[in-house]
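> With the sequence up front, the predicted model follows.
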Amino acid sequence: MAKTSERRSKPIALLGSAGLCLVLLCLCAFSTNADAASVARSLIGLEKAASRLMPRAVTSSYAYQRMIANIGGASSTAGGNQVPNVLTGSVIASPSTATPNYFYSWIRDAALTAKIVVSQPTLDRTLMTNYANAEKVHQQNAASSSSSQGEPKFNVDGALFTGPWGRPQNDGPALRASTLMAFAKRIGLNDAFTTGTLYKSDLSAGSLIKTDLEFVSHNWQASSFDLWEEVQGSHFFTLIVQYRSLIDGAKFAGAMNDPGAASYYNQQAAAILSKLQSFWDSSNGFIQAYQGVSGRNGIDCSVMLGALKGWDTTDNAAAVNATVFGVASDKVLATHKKYVDSFRSLYAINNNAAAPNAVGVGRYPSDVYDGDGTSQGNPWYICTLAAAEVLNTAVSVANARGSLSVTSTSLPFFQQFSSSTSTGTYSSSSNQFSTLTSGMKAMANGFVNIVNSHAWQNGSLNEEFNRNNGFNQGARDLTWSYAAFVSNDLASQGKYLAN
Ligand SMILES: *[C@@H]1O[C@H](CO)[C@@H](O)[C@H](O)[C@H]1NC(C)=O
Ligand SMILES: *[C@@H]1O[C@H](CO)[C@@H](O)[C@H](O)[C@H]1NC(C)=O
């Protein structure tokens with residue numbers, strides 16, 4: 001969602017100095033000393049603007065309602081539907097129609113959003129069926145595009161978006177297949193909607209899941225644009241979600257009496273897993289986000305997102321398995337530390353807060369997209385929440401497994417929480433386990449507090465918050481920001497997205 005030909009003038013700096021801003025944030029958002037806060041405000045004449053810096057308690061149920069308010073035809077208890085006259089079931093990235101115009105449906109954002117819907121304790125079958133039917137329209141229209149199912153975004157009526165764009169984006173069909181398989185498993189493999197619309201072994205029948213799995217299994221080696229729609233190459237995020245879709249797809253195809261497909265998907269998944277190994281940068285100790293892309297250092301939020309969307313959420317052992325880049329594995333935790341540390345001094349609002357303090361984190365350090373045009377990159381809600389979700393997931397998995405392992409790879413990550421940590425496996429009854437997991441929990445809560453303190457007064461989340469003054473920036477009410485909020489909240493309770 002970063003490509004745009006339009007430019008907008010730079011946001012007006014509300015505060016002359018980032019240092020003052022920090023003082024203000026601390027006093028207003030976190031201090032109970034109202035006098036000190038009002039002194040600080042009057043000192044710099046910001047009485048009015050400062051009220052917007054009060055902490056907002058964005059709750060998971062509120063975020064969920066805001067999220068579904070951006071789906072065509074869905075009714076939401078929070079402000080009704082924000083996207084009228086949109087194809088029923090089509091998930092719109094944001095209601096914002098100008099500066100920037102995100103009033104489109106992206107396959108990726110839609111699949112990640114519908115994954116939240118299908119992961120709720122009570123299944124909203126109507127909403128999921130509407131999503132599936134809207135994707136059927138997208139999928140049929142994509143067939144006439146030169147990118148085929150790698151076509152990334154569609155108009156709100158479901159028609160192909162034909163303007164120039166970064167094509168193809170081959171993570172979309174993988175994410176959509178994963179979401180629809182989770183839906184099929186919830187309604188049952190024998191359900192008429194599963195057998196009639198979602199999966200038919202006859203490829204020419206054009207069923208949703210089969211079409212996507214075939215596309216992924218035959219095209220994963222192709223160069224593709226990244227999830228930020230900026231660079232073409234080979235991407236960790238794209239590959240790991242493709243891997244996930246094919247591993248699960250193989251089991252699914254097997255269960256749907258399609259053994260030939262099952263075997264082919266397994267074979268391609270194994271090849272993807274082998275390719276994924278090359279993204280581990282052993283000399284620098286982190287997972288590189290891309291290959292074939294120049295001008296970047298490889299540190300990227302997409303690795304956190306890939307680990308979160310790429311693990312088998314039914315298997316706690318897989319979560320800690322570094323071969324599959326499990327979300328709680330040493331390689332991912334090591335990358336988490338390098339990733340978060342990259343933004344400590346980069347964004348003024350972070351005030352170079354030392355580890356293990358949470359800070360606002362963005363897509364990648366050299367980002368220049370400002371939410372509408374190009375100037376300077378900012379912290380993003382989805383990335384700050386992903387940083388929390390990795391920690392929450394790792395703690396929940398450790399609790400479920402009854403132990404936590406510290407390896408030489410993850411040692412720097414764990415030493416953030418206790419400098420005397422050494423390598424080893426700590427059982428949940430040990431002091432070391434409690435120290436480390438409570439440190440991780442506190443850091444995760446810190447990321448969520450940052451999100452809350454930058455939300456609008458009405459609880460709305462844009463795409464980003466300004467790196468210097470902390471105010472919301474970029475597309476308003478970004479559907480994915482809300483999805484990320486709910487997803488992290490589930491992980492903090494030891495609940496994961498449906499698989
Ligand atoms: C990690 O995952 C790989 C791929 O699924 C598997 O072959 C390996 O046995 C797993 N390792 C452990 C320790 O479970
Ligand atoms: C919340 O307030 C912001 C800032 O005024 C606005 O952009 C956004 O549309 C509002 N959200 C809702 C859902 O009303």
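Yes, it's here. Residues are numbered from 1 along each chain as shown. Ligands and ions are numbered 1, 2, ... in the order given.
> what about the nearest residue to I240 once chain neighbours are set aside, neighbour count?
Counting by C-beta to C-beta, 6 or more residues apart in numbering, I240 lies nearest to G310, which is 3.5 Å off, once chain neighbours are set aside. In short, each C-beta sits where N, CA and C put it, glycine included. Using other C-beta atoms under 10 Å, G310 has 27 neighbouring residues.
> And for whichever residue of the stretch 301-450 of the chain sits closest to ligand 2, the neighbour number?
At 12.6 Å from ligand 2, G371 is the closest residue in the stretch 301-450 of the chain, using C-beta to the nearest ligand atom. By other C-beta under 10 Å, 28 other residues sit near G371.
> ok, now R66?
For R66, the count of nearby residues is 26 (other C-beta under 10 Å).
> in what helix or strand does it lie?
R66 belongs to helix 60-68 when assigned by DSSP states H and E.
> what sits against the residue of the stretch 301-450 of the chain closest to ligand 2?
By C-beta atoms under 8 Å, 6 or more residues apart in numbering, the contact set of G371 is 100, 378, 462-464, 473-475.
> about what we covered before: and for the helix holding R66, what's in contact with it?
74, 76-79, 113, 116-117, 120, 127, 459-461, 477, 479, 482-483, 485-486, 489-490.
> Please list which of these are also close to ligand 2.
79, 460, 477 (C-beta under 6 Å from any ligand atom).
> ok, N466 touching Q473?
Yes: with contact defined as C-beta atoms under 8 Å, N466 and Q473 form a contacting pair (4.9 Å).
> Can you list the buried residues in the helix holding R66?
60, 62-68 (16 or more other C-beta atoms under 10 Å).
> quick one: the nearest residue to the residue of the stretch 301-450 of the chain closest to ligand 2 once chain neighbours are set aside from Y264, how far?
Leaving aside its sequence neighbours, G371 sits nearest to G474 (C-beta to C-beta, 6+ apart; 2.4 Å). Distance of G474 to Y264, given as C-beta to C-beta, to the nearest Å: 41 Å.
> which one of the two has more residues nearby?
Between G474 and Y264, counting by other C-beta under 10 Å, G474 is the more crowded of the two (25 against 19).
> list the contacts for that one?
Going by C-beta under 8 Å, 6+ apart, G474 touches 100, 370-372, 378, 462-464.
> can you tell me which residue is nearest the centre of this structure?
L305 (4.8 Å; C-alpha atoms, centre = their mean).
> Does S410 touch D330 like I think?
Yes: S410 lies in contact with D330 (C-beta under 8 Å); the separation is 3.7 Å.
> more neighbours, the two?
Just comparing S410 and D330: by other C-beta under 10 Å the higher neighbour count belongs to S410, 26 against 21.
> Contact residues of this protein facing ligand 2?
Residues of the chain found near ligand 2 (C-beta under 6 Å from any ligand atom) are 79, 456, 458, 460, 476-477.
> would TSV of these with distance to S282 and pLDDT be doable?
Output for those, formatted as TSV (distance: C-beta to C-beta, whole Å; pLDDT from 0 to 100):
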residue	distance to S282	pLDDT
G79	49	76
W456	43	94
N458	47	88
S460	42	95
R476	42	98
D477	42	97
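> Pull out the buried members of the residues you listed.
460, 476-477.
> Pull out the buried members of the contacts of G474.
By neighbour count, with 16+ other C-beta under 10 Å, the contacts of G474 hold 100, 370-372, 378, 462-464 as buried.
> Would you report which members of those are assigned to strands?
Judged by DSSP state E, the buried ones among the contacts of G474 include E464 as members of strands.
> can you list the buried ones among the contacts of G474 in a markdown table and add pLDDT and distance to N85?
What follows is the buried ones among the contacts of G474, written out as a markdown table (pLDDT from 0 to 100; distance: C-beta to C-beta, whole Å):
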| residue | pLDDT | distance to N85 |
| --- | --- | --- |
| P100 | 98 | 20 |
| D370 | 98 | 29 |
| G371 | 98 | 25 |
| D372 | 97 | 24 |
| N378 | 98 | 31 |
| N462 | 98 | 23 |
| E463 | 98 | 23 |
| E464 | 98 | 27 |
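> For the residue in the stretch 101-250 of the chain positioned nearest to ligand 2, give me the backbone phi and psi.
Residue nearest to ligand 2 within the stretch 101-250 of the chain: Y102 (12.8 Å; C-beta to the nearest ligand atom). Note on Y102: backbone dihedrals following degrees, to the nearest 10 are phi -110, psi 20.
> what does W280 give?
Per-residue torsions, W280: phi -80, psi 120 (degrees, to the nearest 10).
> Do you know the pLDDT at it?
Note for W280: predicted pLDDT of 98.
> Next: A261.
Predicted confidence (pLDDT) for A261: 98.
> Could you list which residues are in contact with it?
Contacts for A261 (C-beta under 8 Å, 6+ apart) come out as 201, 210, 213-214, 249-250, 253.
> do the same with P412
With C-beta under 8 Å, 6+ apart, P412 has these contacts: 285, 334, 337.
> Give me the three-state assignment for A307.
Classification of A307 using DSSP: H, G, I helix; E, B strand; the rest coil returns helix.
> And the strands in the protein?
Under DSSP E, the chain gives strands at 105-106, 153-154, 224-225, 232-235, 280-281, 286-287, 290-291, 403-406, 424-427, 464-465, 472-473.
> Could I get the CA-only coordinates of stretch 292-305 as CSV?
What follows is stretch 292-305, C-alpha atoms only, in CSV (Å, rounded to 0.1, in the frame of the first residue of the first chain):
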residue,chain,number,x,y,z
GLY,A,292,17.7,-9.6,-5.2
VAL,A,293,16.9,-6.2,-3.7
SER,A,294,19.6,-3.6,-3.3
GLY,A,295,19.8,-0.5,-1.1
ARG,A,296,18.3,-2.2,2.0
ASN,A,297,20.0,-3.8,5.0
GLY,A,298,17.5,-6.6,5.1
ILE,A,299,16.0,-5.7,8.5
ASP,A,300,12.2,-5.5,7.9
CYS,A,301,8.9,-5.8,9.8
SER,A,302,7.9,-8.3,7.1
VAL,A,303,10.1,-10.9,8.8
MET,A,304,8.1,-10.5,12.0
LEU,A,305,4.9,-10.7,10.1
